[in-house]
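A.B. asks: I'll drop the sequence and a predicted model, then ask my questions.
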Amino acid sequence: MSERKSSMLVPTLAVAGFLAFALTLQAQSGSGGSSRWEYRVLDTRDMIVHPQLTDGQIDAARQVGITAARNIDTEFDRLGAEGWELVSFADRLAVFKRARN
């Protein structure tokens, strides 16, 4: 295994471990009300972030499944407005949760 691949493996396993832990807590808490969560993982390395992106370019990117924003704060604000709460950020992986409807 190359050095780059092995150095990326540790953070990836850490995030996977975090998600497994979070899902275990969810299962243990039962099925009542707001104890049920949904999760979203955003890999910021896969984002297109540039201050001169137009609204049209951002919309076009989103239509093909690419996250695009003028800056990372804008994207995090958008997710917050949708009810997502940032619970972890490590190695450019952001983990959000919100109450399941």
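C.D. replies: In hand now; what should we look at? This one's a predicted model, so the numbers in the text were calculated from it and none came from an experiment.

A.B. asks: residues in contact with R100?
C.D. replies: R36, W37, E38 (C-beta atoms under 8 Å, 6 or more residues apart in numbering). All C-beta atoms are positioned from the backbone trio N, CA, C, and that covers glycine.

A.B. asks: Dihedrals phi and psi, it?
C.D. replies: Phi and psi for R100, reported as degrees, to the nearest 10, are phi -80, psi 130.

A.B. asks: From D91, how far out is it?
C.D. replies: As judged by C-beta to C-beta, to the nearest Å, R100 and D91 stand 26 Å apart.

A.B. asks: before we move on, what about V49?
C.D. replies: 17 Å.

A.B. asks: Next: L42.
C.D. replies: 12 Å.

A.B. asks: neighbour-wise, which of the two wins?
C.D. replies: L42 (20 against 14; other C-beta atoms under 10 Å).

A.B. asks: Which stretches in the protein count as helices?
C.D. replies: 3-28, 55-63, 72-81 (DSSP state H).

A.B. asks: could you check the angle helix 72-81 makes with the shortest one?
C.D. replies: Taking axes from the mean of the first three to the mean of the last three C-alpha atoms, to 10 degrees, one finds that helix 55-63 is oriented at 60 degrees with respect to helix 72-81.

A.B. asks: So that it lines up with my notes, have the first residue be 55 from now on.
C.D. replies: Understood, numbering begins at 55; the last thing we discussed is helix 109-117.
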